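> structure here, sequence nowhere to be found:
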């Protein structure tokens, strides 16, 4: 982009902590959540966090000098903290897994070795029909090896030349000029018939 080199590396799935803000579980996001009910991240009940009465009561108590986290309960571990707290042992486990996946992530893009692929394709086409064998405990039928690019007929690239596609000028064995003449005669005859009436 604009003559600048940017470092890049393959995507490492699972190397980042993902927490759902619908059920407050880990490993997925709200868009992909399969939970049947919405959970509150503050008190772990089945309502939205914005409608949580326990959170409102705790905020009022905190304003009067009381404890701010008296009614909290984690959805994941059932301890007295909200679901997004860094003190949660379940969250700590998921963070450890993410760090492990980050350490084991692929650092470089893997390019396929095309020389091995072509020799394997040549060996299969030379052998003829191949047997697939057993798959998931069920026998499969024999199939022919797929044709390679060399076996398929090649079409020329680009538009076909103008001479190869016949242009149709005849419309029912008449030329366009003959058709126009016939239409003119019909219109004149129609006008004469109307004048006679």
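Alright, I've got the coordinates. Remember, predicted model here, so these are calculated numbers, not experimental data.

> show me the helices in the chain, by range?
For the chain, the helices defined by DSSP state H occupy 53-63, 89-103, 114-127, 176-196.

> quick one: closest of these to residue 19.
helix 89-103 (7.8 Å; Cβ to Cβ). In short, each C-beta sits where N, CA and C put it, glycine included.

> what does stretch 85-98 rub up against?
Here stretch 85-98 makes contact (Cβ atoms under 8 Å, 6 or more residues apart in numbering) with 14-17, 19, 26-27, 74, 76-77, 79, 81, 84.

> mind doing that once more with 6 Å?
15, 16, 17, 26, 74, 76, 77, 81 (Cβ atoms under 6 Å, 6 or more residues apart in numbering).

> assess the claim that the first one and residue 99 are in contact.
No: under the contact definition of Cβ atoms under 6 Å, residue 15 does not touch residue 99, with a separation of 8.2 Å.

> between the two, who's got more neighbours?
residue 15 (15 against 12; other Cβ atoms under 10 Å).

> which ones are touching that one?
Taking Cβ under 6 Å, 6+ apart as the test, what residue 15 contacts is 98, 101, 102, 105.

> out of these, who's the most crowded?
Going by other Cβ under 10 Å, residue 98 tops these with 18 neighbours.

> which residue, other than its chain neighbours, is closest to it?
Spatial nearest neighbour of residue 98, chain neighbours left out: residue 17 (5.0 Å); criterion: Cβ to Cβ, 6 or more residues apart in numbering.

> next, count neighbours for the one you found.
13.

> before we move on, what about residue 82?
Neighbourhood size, residue 82 [other Cβ under 10 Å]: 20.

> so it touches residue 71, yeah?
No: counting by Cβ under 6 Å, residue 82 sits too far from residue 71 to count as a contact (10.5 Å).

> what's in contact with stretch 44-60?
With Cβ under 6 Å, 6+ apart as the criterion, stretch 44-60 contacts 37, 38, 40, 41, 42, 43, 68, 70, 71, 73, 75.

> quick one, which of the residues you listed are buried?
Among the contacts of stretch 44-60, those classed as buried by 16 or more other Cβ atoms under 10 Å are 38, 40, 41, 42, 43, 71, 73, 75.

> quick one, grab the pLDDT at the residue nearest to residue 98.
At residue 17, the predicted lDDT confidence score is 88.

> and for residue 46, the neighbour number?
Neighbour tally, residue 46, other Cβ under 10 Å: 11.

> picking that back up, same list, the helices of the chain, but as JSON lines with distance to residue 156 and mean pLDDT please.
Output for the helices of the chain, formatted as JSON lines (distance: least, Cβ to Cβ, whole Å; pLDDT from 0 to 100):
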{"stretch": "helix 53-63", "distance to residue 156": "71", "mean pLDDT": "79"}
{"stretch": "helix 89-103", "distance to residue 156": "50", "mean pLDDT": "91"}
{"stretch": "helix 114-127", "distance to residue 156": "25", "mean pLDDT": "56"}
{"stretch": "helix 176-196", "distance to residue 156": "32", "mean pLDDT": "77"}
